[in-house]
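K.L.:
kindly return the folded structure for what I paste below:
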Amino acid sequence: MTLGQFGLRRRDYDFPPFRPPSEADSLLLRVTRGCPWNRCTFCSMYKGMKFEKREPEEVLEDISMARELYSDRVRTVFIGDSNSLVFKTDELVRILNALHSSFPQLERVTSYARAKTIAKKPAEDLEKLFKAGLNRLHVGLETGDRKLLEEIEKGATPEEMVEAGRKAKQAGFEYSLYVLLGIGGEEKWEQHARGTANVLNQIDPHFIRVRTFIPQPNSQLYEAMEEGRFQPASSETILKETRLLLKELQVTSHFLSDHISNLVPLHGKLPEDKEEMVRLIDQVLKGLREDDLLREEMEARRHLTNL
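P.N.:
Below is the predicted model:
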């Protein structure tokens, strides 16, 4: 648990290794270790880590420890690791109840989740979790294009992505979907943008969060890039892809590029701010054609390896 700037560091507290940037100030609570799927070709997270569910009593002990240190300071909690919804519903409800009773000022509890897991989970279980105080789900869509989903071994179809999103929203959750800009490489940017917009339009998530794909060591796509089998999208291509995605979207979502990997700080509410975001992309595209320093700066971002 890091609890943002508060910085609890205890050997006997089980720290989740990853969390969304939007959970920077949250209490981090680990319910599972690793990823039950762990096959995505773009992902370097959890590699070499065997997936396991923690014993509920261990989790409750962590909550008790955090309560002693930070009882009145905790406002948000993020549950890790990659897919806490694989936990038995009743056990996760017990953990959620303990969180809310331990931290009376708690405003939000969030978790990563896989679309496939949500799609398979009974609607009544999702409703139980929401009523117990799990407010928001962070889910990796990555792309809505069927062929690309198969190529990156995401383990879910466009239909399952849509079903998961609709079920989660119906249960009451805030739904935050992640899109990987550039996951189609230099060649498949247009099908990626159109397919992704199609899925997002059917779900209309509360949040669309974009990340620019940068191949990371210990991932299959990084190896493919090193061997010349995958050509990363150029900065210009990623901007054109983002522009097309925005133009195709017919949603009422918040669109956020809240990550260091992204080329342009796009933040807005759709559809109200769509044209302003498109204009900003057009300005940057024009700058890339005219400004060598800007082109070099953006290309340098493609070599980030510590995200």
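
K.L.:
pLDDT weak spots in the stretch 1-150 of the chain?
P.N.:
Within the stretch 1-150 of the chain, the segments meeting pLDDT under 70 span 1-11.

K.L.:
which residue ranges of the stretch 101-250 of the chain form helices?
P.N.:
115-120, 123-131, 146-151, 158-171, 189-203, 220-226, 235-248 (DSSP state H, counting those that start in this stretch).

K.L.:
okay if I get those helices as a markdown table plus mean neighbour count and distance to D273?
P.N.:
All C-beta spots, glycine's among them, are computed from the backbone N, C-alpha and C. Formatted as a markdown table, these follow (neighbours: other CB atoms under 10 Å; distance: least, CB to CB, whole Å):
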| stretch | mean neighbour count | distance to D273 |
| --- | --- | --- |
| helix 115-120 | 21 | 26 |
| helix 123-131 | 17 | 29 |
| helix 146-151 | 16 | 27 |
| helix 158-171 | 20 | 22 |
| helix 189-203 | 21 | 16 |
| helix 220-226 | 16 | 32 |
| helix 235-248 | 21 | 10 |
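
K.L.:
so for D81, which of those sits nearest?
P.N.:
Nearest to D81 among these is helix 115-120 (13.1 Å), distances taken as CB to CB.

K.L.:
dump the residue contacts of V264.
P.N.:
By CB atoms under 8 Å, 6 or more residues apart in numbering, the contact set of V264 is 239, 242, 257, 280-281, 284.

K.L.:
of the helices of the stretch 101-250 of the chain, which is nearest R39?
P.N.:
helix 220-226 (9.0 Å).

K.L.:
mind listing residues that contact that closest one?
P.N.:
The contact list for helix 220-226, computed with CB under 8 Å, 6+ apart, reads 41-42, 44, 152, 215-216, 230-232.

K.L.:
cutoff 7 Å now
P.N.:
With CB atoms under 7 Å, 6 or more residues apart in numbering as the contact definition, helix 220-226 has outside contacts at 41-42, 215-216, 230, 232.

K.L.:
swap in stretch 41-57?
P.N.:
Residues from elsewhere that reach stretch 41-57 (CB under 7 Å, 6+ apart): 14, 18, 30-36, 38, 81-82, 87, 91, 94-95, 152-153, 180, 183, 213, 216-221.

K.L.:
if we use 8 Å, what do you get?
P.N.:
14, 17-18, 30-36, 38, 81-82, 86-87, 91, 94-95, 142, 151-153, 180, 183, 213, 215-222, 224.

K.L.:
filter the residues you listed down to the buried ones.
P.N.:
Buried members of the contacts of stretch 41-57, counted by 16 or more other CB atoms under 10 Å: 14, 30-36, 38, 81-82, 86-87, 94-95, 142, 151-152, 180, 183, 213, 215-216, 219-222, 224.

K.L.:
which ones are touching F173?
P.N.:
Counting by CB under 8 Å, 6+ apart, F173 has contacts 126, 130, 134-137.

K.L.:
and L85, by the same measure?
P.N.:
92, 111, 113-114, 117-118, 121, 129, 137.

K.L.:
show me the domain layout of the protein.
P.N.:
Using automatic domain parsing, the domain ranges for the chain come out as 1-113, 138-301.

K.L.:
and which of the contacts of F173 is nearest R73?
P.N.:
N135 (18.7 Å).

K.L.:
number of nearby residues for that closest one?
P.N.:
18 (other CB atoms under 10 Å).

K.L.:
over to Q283?
P.N.:
11.

K.L.:
and it, what helix or strand is that in?
P.N.:
Take DSSP states H and E as the rule and Q283 turns out to sit in helix 274-290.

K.L.:
averaged pLDDT, that helix. What do you get?
P.N.:
In this model, helix 274-290 has a mean pLDDT of 93.

K.L.:
again with stretch 151-170
P.N.:
Mean per-residue pLDDT for stretch 151-170: 98.

K.L.:
also stretch 244-262?
P.N.:
Stretch 244-262 comes out at a mean pLDDT of 93.

K.L.:
restrict it to CA atoms and write it as PDB.
P.N.:
What follows is stretch 244-262, C-alpha atoms only, in PDB (Å, rounded to 0.1, in the frame of the first residue of the first chain):
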ATOM      1  CA  LEU A 244     -10.200   9.400 -36.800                       C
ATOM      2  CA  LEU A 245     -11.200   7.700 -33.500                       C
ATOM      3  CA  LEU A 246     -12.500  11.000 -32.200                       C
ATOM      4  CA  LYS A 247     -14.400  11.800 -35.400                       C
ATOM      5  CA  GLU A 248     -16.000   8.400 -35.300                       C
ATOM      6  CA  LEU A 249     -17.100   8.500 -31.700                       C
ATOM      7  CA  GLN A 250     -20.700   9.000 -30.900                       C
ATOM      8  CA  VAL A 251     -20.600   8.900 -27.100                       C
ATOM      9  CA  THR A 252     -21.100  11.000 -24.000                       C
ATOM     10  CA  SER A 253     -17.800   9.900 -22.400                       C
ATOM     11  CA  HIS A 254     -15.000  11.800 -20.800                       C
ATOM     12  CA  PHE A 255     -12.000  11.500 -23.200                       C
ATOM     13  CA  LEU A 256      -8.700  11.500 -21.300                       C
ATOM     14  CA  SER A 257      -5.100  11.200 -22.300                       C
ATOM     15  CA  ASP A 258      -3.700  11.000 -18.800                       C
ATOM     16  CA  HIS A 259      -0.500   9.200 -19.400                       C
ATOM     17  CA  ILE A 260       3.100  10.200 -20.100                       C
ATOM     18  CA  SER A 261       3.200   8.100 -23.300                       C
ATOM     19  CA  ASN A 262       0.700  10.300 -25.100                       C
END
